[in-house]
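# Sharing a sequence plus its predicted fold:
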Amino acid sequence: MEKGEKMKVSQALKNRKSTRAFLDKDVPQELVIGILDSARHAPSGVNTQPWDVAVVTGQKKLSLQQKIEGAFREGVQGKMEYQYYPLQWKDPYKTRRFECGIQLYGALGIEREEKARRLEQWAANFRAFDAPVMLFFFMDPGMETGSYMDYGMFLQSIMLVAVEQGLATCPQAALGEYPEIVKTELGYPQELILLGGMALGFEDTEHPVNSYRTPREPVKHFTRFFD
């Protein structure tokens, strides 16, 4: 893209990916505020705007991720506050999930039997893959299913604006697996729902984990036209 040229939304959609390795480079708070300032224009049913965002950086991030990762390594079973994935997988979703994992571990050169290396890669989730910014997303427990849909549009807005600003992201359900720890450490009421989190920073373009892209189904596979 030429210098000074504005990125199109369609280009940002194609450029966005789940980034799992970041540069050791701080993201200015003003840039984060600017991204959220744009994302706040996302739609929501009857303008409820159900989002509540925590931006965690620096020493607070280090302290929090140590507690989350520590719980994981001690064998404490994480549990989200809502059911994100199906209890029983079926195709085509089961196959897509399997192939996604194959791509991830394949890019890292981790074989199926290398359980220790797989564990280390999973543990990186709880450090937001060492991105300088860790975002957490909370919601009032009185809100219902429609607000989860609204929140999805808000999260996508954050990720697209981040691409426009030269930043990378990874939306993470894993950051919602230890809600009690997160809410206690950040001083949030326990009754709030922790939906998950997001890594935000500058992509390490040379890291092999960022070298692959998961495929997307063509339009004809998921669309019916009626005239």
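Good, I have the coordinates. Residues are numbered from 1 along each chain as shown.

# Show me the strands in the chain, by range?
For the chain, the strands defined by DSSP state E occupy 52-56, 133-139, 168-172, 193-201.

# longest helix in the protein, by residue count?
If you go by DSSP state H, the chain has its longest helix at helix 145-164.

# And that helix, what does it pack against?
Applying 3 or more Cβ pairs under 8 Å, 6 or more residues apart in numbering; DSSP states H and E, we find helix 145-164 packed against helix 9-15, helix 29-39, strand 133-139, strand 168-172, strand 193-201. Every residue, glycine included, has its C-beta placed from N, CA and C.

# chain center to it, what's the gap?
11 Å (Cα atoms, centre = their mean, to the nearest Å).

# again with stretch 78-88
The answer for stretch 78-88 is 16 Å, by Cα atoms, centre = their mean.

# Quick one: end-to-end distance for that stretch.
End-to-end distance for stretch 78-88, by Cα to Cα, to the nearest Å: 18 Å.

# what's in contact with it?
Residues from elsewhere that reach stretch 78-88 (Cβ atoms under 8 Å, 6 or more residues apart in numbering): 71-72, 93, 148, 173-174, 176-179, 193-196.

# Which residue, other than its chain neighbours, is closest to the residue most central in space within the chain?
For the chain, the residue whose C-alpha lies nearest the mean C-alpha position (Cα atoms, centre = their mean) is residue 171; its distance is 0.9 Å. Spatial nearest neighbour of residue 171, excluding adjacent residues (Cβ to Cβ, 6 or more residues apart in numbering): residue 198 at 5.1 Å.

# Any regions of this protein where pLDDT drops low?
1-4 (pLDDT under 70).

# That'll do, ta.
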